[in-house]
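**Student:** how would this look folded up:
(one chain, ligands or ions: 2)
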Amino acid sequence: MRKDDVVIVTCAITGAIHTPSMSPYLPVTPDQIVEEAVKAAEAGAGMVHIHARDPKDGRPTTDVEVFRYICREIKKQSDVVINVTTGGGGTLGIPVEERAKVVPALKPEIATFNMGSMNFAIHPLLKKYKEFKYDWEPEYLEMTRDIVFRNTFKDLEALSRIFKENDTKPELECYDIGQIYNTAFMFHEGYLEPPLRLQFIHGILGGIGTAVEDVLFMKQTADRLIGRENYTWSLVGAGRFQMPLGTLAVIMGGDVRVGLEDSLYIERGKLAKSNAEQVEKMVRIVKELGKRPATPDEVREILGLKG
Ligand code: KMH
Ligand code: ZN
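**Tutor:** Numbering: from 1, shown residues only. Ligands and ions are numbered 1, 2, ... in the order given. Next up, the predicted model:
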């Protein structure tokens, strides 16, 4: 039985949204990603969420060997739970088997499982950031105007098979209400086994917004369709909603994700100097609210990971 004063703080280290020119603190080489992950764990993150980037130019990649190196080096220094992405790098439009090949290759304890097709646009960042070090950066942002982040039911079925075969726990990423319905469908049809792990992602252009009502709507819909006893949940607030919505999630009894994947800032107008800085801030908030961050072993127990 989970203690209700314990909160899982996840740190998403680099992601595939931000590009190297946007912040000098965004880790892009494998060694930088490893170092940031280890420091985030030392600051109180019980889980780190990992994307890989091309060591040459920081472009997101699905190269399994880069993931293998990053995971191996983190494990040498920390027992933090490693959650790898199957969300895609390089282009969000690539087929699901390609995006998920890291699962059979590394058999991670937990990995992301995106719950539906949607627009997933980051091109508005082109207005904010005008100077780029690499040519791929503006092209990558522009591309998101015209691609669909594809996760059809056939894809979801394929993914659920891949996760089961490798005993990897799916973290079910829901960016909008319809994806809670998709999750409930997949659960009731037997593709997903309880206890489910959901993550509500608020503030991606193409998904649900960042109002308190939006969070309540996601949570209440999940309770109604899936059943409170069948899942645990975490929340991501994108951009400037990272800390406020994270705080709301902690108050509501959920878990929380921070990290430079989701926001480059520590406060309005001030870049975060590291992932650990954001973890420290969230851990301070968690403690102020009378709770504490879960250790990696508590994360394993709460989520039922293979360890
Ligand atoms: N980039 C986040 C909004 C994934 O990696 O598959 C969602 C995410 C999903 O982290
Ligand atoms: Zn991610």
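
**Student:** where does the stretch 101-250 of the chain get nearest to ligand 1, which residue?
**Tutor:** T112 (3.3 Å; C-beta to the nearest ligand atom). Quick note: C-beta positions are derived from backbone N, CA and C, even for glycine.

**Student:** which residues does that residue contact?
**Tutor:** Each residue near T112 by C-beta atoms under 8 Å, 6 or more residues apart in numbering is listed here: 49, 83-87, 170-171, 173, 199.

**Student:** give me that answer again for 7 Å
**Tutor:** For T112, the contact set (C-beta atoms under 7 Å, 6 or more residues apart in numbering) comprises 83, 85-87, 171, 173.

**Student:** which SS state does the closest residue to P170 other than its chain neighbours fall under?
**Tutor:** With C-beta to C-beta, 6 or more residues apart in numbering as the criterion, P170 has its nearest non-adjacent residue at 3.6 Å, and that residue is F113. Assigned by DSSP: H, G, I helix; E, B strand; the rest coil, the conformation of F113 is strand.

**Student:** check the burial of F113 by counting its neighbours.
**Tutor:** 28 (other C-beta atoms under 10 Å).

**Student:** pLDDT wise, what is it at?
**Tutor:** We have a pLDDT of 97 for F113.

**Student:** before we move on, what about R99?
**Tutor:** pLDDT, R99: 87.

**Student:** my read: it touches G88, true?
**Tutor:** Yes - with contact defined as C-beta atoms under 7 Å, R99 reaches G88; the gap is 4.3 Å.

**Student:** identify the contacts common to these two.
**Tutor:** T62.

**Student:** re the thing from before, got a list of what the residue nearest to P170 touches?
**Tutor:** 86, 159, 163, 170-173.

**Student:** ok, which of these also contact ligand 1?
**Tutor:** Contacts with ligand 1 are made by 86, 173 out of these, judged by C-beta under 6 Å from any ligand atom.

**Student:** now neighbour count and pLDDT too, for the contacts of F113, in TSV please.
**Tutor:** Converted to TSV, the contacts of F113 look like this (neighbours: other C-beta atoms under 10 Å; pLDDT from 0 to 100):
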residue	neighbour count	pLDDT
T86	26	95
L159	26	96
F163	23	98
P170	27	98
E171	24	98
L172	26	98
E173	24	98
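
**Student:** among the contacts of F113, give me the pair with the biggest separation.
**Tutor:** Using C-beta to C-beta, the two most remote members of those are F163 and E173, lying 13.0 Å apart.

**Student:** ok, and what's touching the worst-scoring helix or strand of the chain on mean pLDDT?
**Tutor:** Within the chain, no helix or strand scores below helix 96-99, which has a mean of 84 by mean pLDDT, DSSP states H and E. For helix 96-99, contacts defined as C-beta under 7 Å, 6+ apart pick out 62, 86-88, 151, 155, 158-159.

**Student:** tell me which of those fall in strands.
**Tutor:** Using DSSP state E, the subset of these located in strands is empty.

**Student:** how about those residues in JSON lines, adding distance to H18?
**Tutor:** Compiled in JSON lines, the contacts of helix 96-99 are given as follows (distance: C-beta to C-beta, whole Å):
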{"residue": "T62", "distance to H18": "18"}
{"residue": "T86", "distance to H18": "19"}
{"residue": "G87", "distance to H18": "14"}
{"residue": "G88", "distance to H18": "15"}
{"residue": "N151", "distance to H18": "22"}
{"residue": "D155", "distance to H18": "25"}
{"residue": "A158", "distance to H18": "29"}
{"residue": "L159", "distance to H18": "25"}
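
**Student:** tell me the secondary structure at the residue lying closest to V258 once chain neighbours are set aside.
**Tutor:** When the adjacent residues along the chain are set aside, V258 lies closest to Q278, with 4.3 Å between them (C-beta to C-beta, 6+ apart). Following three-state DSSP, we place Q278 in the helix state.

**Student:** wait, isn't Q278 in contact with I266?
**Tutor:** Yes - contact criterion C-beta under 7 Å: Q278 and I266 qualify, at 6.3 Å.

**Student:** so between these two, which is more surrounded?
**Tutor:** Q278 (29 against 19).

**Student:** bridged to the residue of the stretch 101-250 of the chain closest to ligand 1, which residues?
**Tutor:** E171 (DSSP bridges).

**Student:** follow-up on the earlier one: in the least confident helix or strand of the chain, what's buried?
**Tutor:** The neighbour-count check on helix 96-99 (16 or more other C-beta atoms under 10 Å) flags 96, 99 as buried.

**Student:** who touches the helix or strand following that helix?
**Tutor:** Sequence-wise, the next helix or strand downstream of helix 96-99 (DSSP states H and E) is helix 102-106. For helix 102-106, the external contacting residues (C-beta under 7 Å, 6+ apart) are 64, 67-68, 71, 84, 86, 111, 162-163, 166, 168.

**Student:** many thanks, I have nothing further to ask.
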